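Colleague: Have a look at this prediction, sequence included:
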There are 2 protein chains.
Amino acid sequence: MSDEVTARSRHGGREARRRERSHRATGPGRPYILRNIPTYDILSEENLARIERAADRILAETGIEFRDDDAALELWRKAGARIEDRLVRFEPGMLREILKTAPAEFTQHARNPANSVRIGGNSVVFAPAYGSPFVMDLDRGRRFGTLQDFENFVKLAQSSPWLHHSGGTICEPTDIPVNKRHLDMVYAHLRYSDRCFMGSVTAEERSEDSIEMARIVFGRDFVEKNCVILGNVNVNSPLVWDGTMTRSLRAYARANQCAVVVPFILGGAMGPVTNAGAIAQSLAETMAGCALAQLERPGAPVVFGNFLSSMSLRSGSPTFGTPEPAIGSMVIGQLCRRLNLPLRCSGNFTTSKLPDAQAMTEGTMSMLAAIHCGANFILHSAGFLDGLLSMSYEKFVLDTDLCGALHSYLDGVAIDDNQLAVDAFAEVGPGNHFFGSAHTMANYETAFWDSETADNDPFEKWEAAGSEDAATRANRLWKQKLREFEPPPLDEGIDEALKDFVARKKAAMPDAWY
Amino acid sequence: MSDEVTARSRHGGREARRRERSHRATGPGRPYILRNIPTYDILSEENLARIERAADRILAETGIEFRDDDAALELWRKAGARIEDRLVRFEPGMLREILKTAPAEFTQHARNPANSVRIGGNSVVFAPAYGSPFVMDLDRGRRFGTLQDFENFVKLAQSSPWLHHSGGTICEPTDIPVNKRHLDMVYAHLRYSDRCFMGSVTAEERSEDSIEMARIVFGRDFVEKNCVILGNVNVNSPLVWDGTMTRSLRAYARANQCAVVVPFILGGAMGPVTNAGAIAQSLAETMAGCALAQLERPGAPVVFGNFLSSMSLRSGSPTFGTPEPAIGSMVIGQLCRRLNLPLRCSGNFTTSKLPDAQAMTEGTMSMLAAIHCGANFILHSAGFLDGLLSMSYEKFVLDTDLCGALHSYLDGVAIDDNQLAVDAFAEVGPGNHFFGSAHTMANYETAFWDSETADNDPFEKWEAAGSEDAATRANRLWKQKLREFEPPPLDEGIDEALKDFVARKKAAMPDAWY
């Protein structure tokens, strides 16, 4: 054994022990979190009912346009909606009735069964950010994302004990043709992660390709009966469902897979500038999307999503991680629970262009809103910068560390004789320290969240070590994590079948770049 | 008028209009916040009662030491406590009975009556950080605080529309003798701020000097009947009340002024390493302190405080802004409401040595805990860095901006026909933008919090303007605010009387540096 290897494995051993301790402290290797604190309900029943009536009025009077999807219009017609051209109007109560077939919670299966997640009820699942065309790091600044970046983020997500889900389009692999990149993305999720993941939604056939690749891994019968893939479909707010999205939504539902239904409402642009109005609109749009999935296949899993954002009064620019959407999340959570559906809310949002103080002020406020509002599936938990335009390597590491802290936060406070330390006070007594006490020795390893990125050293020690800021530490950490990454095992036959599917699909069509 | 003046006043006018707009957006010039969202109650009645029983047992069996204050022991003796030497034990229920004379809420009067604050009930008051020996800024790094720094922070606090209180020992003016610096600090609060403030507690006579200076400003009769000054007294945890603190506490109570009673418990050191035990201890210690104030003068205002902190498993260093103390705050809030006392909890805590991502992740989590737990008086709302050892100019600006966002957060969501935008949907219709709609035009100026420190510009514009991080923008802002500062008017006679008092007191004793 060379000296270098010895040194590395010695360090690795210490690091592994530390990591294990740190996991024990907040629950080792949980596939997802079961919340042990209540949701934060901020609005009265009466005011929730007023919002619901406002949504009902939007649905009945203004209606929602369903563009370029005759099959969707036909489903609405059969369900009894009023249709004029492509505008669909809904009698109050109609969508709620349809939504009764949607499951309140369900399991999304991972190819490693130990990583399957429960979505709904008291469960909380953290997934990486989604959809940025650019990536950033401190060394190279902002640039278009590539497949290499995409794979890097899948690996970084897989290596974090504080995420539970591999996500979907973590960044756009812009070096791959638009009509083929979904194949490489789904392959990367299946090859470099053994957690749950999301498929493409940018065209019906890409949704179906994504689901077909899942069938190769899980088996056709299993997929017919179980959820193994999510698709995140967006409303074209205000009050328009685009055919590309509804056809993808219906493809997921048809295969008994889950559509996450998400209006993106920038208040004052795609919805009212007032919070209550934007919430009512969001409720109307999401109910319509979830209900359409139920019409396509009653009982198909759906997630009730939303993406509220504010804007700067000075520039008209969108803002993220601000107080109004955070408060809005809490209300959306209450409304969703009244529908008995799994919830997706906010994430680690920010408009900052650096992993700096602004990024984490906004991100922490937004992320805590998702925690408090009872979100079950929290997309954009890690990496979001630049108003969703850039995926940041450093922010990814800082965010996953915050996700770790939120594990402890969601554990709440345990109350029993040991936690209350009833005998420790007699042992220690007034004026003495608890450092070496029996109670401390028995509990310290599991007592506190232990951050990987925070520097808690005294100033002098921190200064002597180079006065690094958190972003610099995060820069070192993502490089280390990528160096140390080892892909989870994947059956060779399945791997070959996936590669074969990707190759055949790619060969069957010319490259398209739009 | 010179060109320079014209340019400046033009800029000033624009800036003033922007600032006014920004104030209107979240309520103009409020002296304090009245919360419009509920507290976040995370524990059941049953578990709260278990914590109370644990605290009662600590008080009855282990007891609390009261050192170097015979008058305090005499008060406890008369009240019926069991005393052995300096150890005081309390029968269950005794302290709760004594605490019934404490007001549930009260007004602290400011020398400008428009700035008087309500403490208790639904009110929320933000005050700067307290007690750092060092100060920091990006230009000069860390150094010992001076009176100049102290005055700067009083000015920065006064100039922020998002703080409500001038605080106390914002930083230690280490260039002034220890036994005289309280005079300069209280004078600075009274001269450069017209908001409420805190006096000294480091010795009984310094507490009395602080109160006497308040009497010069408010008049002896007014002070006898009204609260005009707070004193923040710390428990010497675990379970020790030091005579310096109890004599100061009694001095404030005797003058009908308010003691803020605060155990500082670093779990595993000054209390149990388990959260529930630290909370029970905190409850016991704070109840004893608040009750002592009531024995000294029944009806004197008190604030129920706490300061929970965790530690790093790796180094044993204290950690701040971590999840366990945040959750602990929520529980303390529930316990305090069961005592019907005004509450002080956490603040913008962090161990970071820079105003970076770590600082604001930890700070935002901690500050939101204070907001959610129902804290009425939030000390350490701005400036805290380096585990309370350093007051940071840049963090101060970033934190006050967060305090602004929390104004909007605490406003919650209004529900009425205008906020629900009931008519706007008919006006705008599916697929159209709300930008120029009548509803948007009528509401956009008051719709969203407008941050002073966040950069919401597109990447390209931000890059062209120099790619600044939030700390760099904050550096520019604090300098600008100090340049533009104008002290609030102060009656010349009062100013002279204060100066005279300070001069006489200083002349009456030799300098002491410990």
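Modeller: Happy to help now that I have it.
Colleague: from here on, contacts and neighbour counts on C-alpha atoms
Modeller: Will do.
Colleague: residue ranges of the helices in the stretch 351-500 of chain A, please?
Modeller: Assigned by DSSP state H, counting those that start in this stretch, the stretch 351-500 of chain A shows helices spanning A:357-373, A:393-411, A:417-420, A:424-428, A:438-443, A:459-464, A:470-484, A:492-507.
Colleague: tell me the most buried of those?
Modeller: Across those, averaging neighbours per residue (mean count of other Cα atoms under 10 Å in any protein chain shown) puts helix A:357-373 on top, at a mean of 28.
Colleague: what's it packed up against?
Modeller: Helices and strands touching helix A:357-373, by 3 or more Cα pairs under 8 Å, 6 or more residues apart in numbering or on different chains; DSSP states H and E, are helix A:323-339, helix A:393-411, helix B:357-373, helix B:470-484.
Colleague: try it again with 10 Å
Modeller: helix A:323-339, strand A:377-378, strand A:384-385, helix A:393-411, helix B:357-373, helix B:393-411, helix B:470-484 (3 or more Cα pairs under 10 Å, 6 or more residues apart in numbering or on different chains; DSSP states H and E).
Colleague: could the ones you listed go into CSV alongside mean pLDDT and distance to A:Phe106?
Modeller: What follows is these, written out as CSV (pLDDT from 0 to 100; distance: least, Cα to Cα, whole Å):
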stretch, mean pLDDT, distance to A:Phe106
helix A:323-339, 98, 15
strand A:377-378, 98, 12
strand A:384-385, 98, 27
helix A:393-411, 98, 20
helix B:357-373, 98, 31
helix B:393-411, 98, 33
helix B:470-484, 98, 42
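Colleague: right, so of the ones you listed, which gets closest to B:Arg86?
Modeller: helix B:357-373 (34.5 Å; Cα to Cα).
Colleague: still on that earlier bit, so can I have CSV of the helices and strands packed on helix A:357-373 showing distance to B:Arg206?
Modeller: Output for the helices and strands packed on helix A:357-373, formatted as CSV (distance: least, Cα to Cα, whole Å):
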stretch, distance to B:Arg206
helix A:323-339, 41
strand A:377-378, 53
strand A:384-385, 50
helix A:393-411, 41
helix B:357-373, 30
helix B:393-411, 27
helix B:470-484, 29
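Colleague: Please report phi then psi for A:Gly125.
Modeller: One thing to correct before we go on: residue A:125 is Val, not Gly. phi -120, psi 130 (degrees, to the nearest 10).
Colleague: number of nearby residues for the closest residue to chain B within the stretch 101-250 of chain A?
Modeller: Minimum separation of the stretch 101-250 of chain A from chain B (Cα to the nearest Cα) falls at A:Leu239, amounting to 4.7 Å. A:Leu239 has 29 neighbours, counted by other Cα atoms under 10 Å in any protein chain shown.
Colleague: Wait, it touches A:Phe66, no?
Modeller: Yes. A:Leu239 is within contact range of A:Phe66, at 8.8 Å (criterion: Cα atoms under 10 Å).
Colleague: anything in contact with each of these two?
Modeller: Common contact partners of A:Leu239 and A:Phe66 (Cα atoms under 10 Å, 6 or more residues apart in numbering or on different chains): A:87, B:430.
Colleague: Could you check which helix or strand contains the residue lying closest to A:Ala288 once chain neighbours are set aside?
Modeller: In this structure, A:Ala288 finds its nearest non-sequential neighbour in A:Leu95, 6.7 Å apart by Cα to Cα, 6 or more residues apart in numbering or on different chains. A:Leu95 is located in helix A:94-98, with elements delineated by DSSP states H and E.
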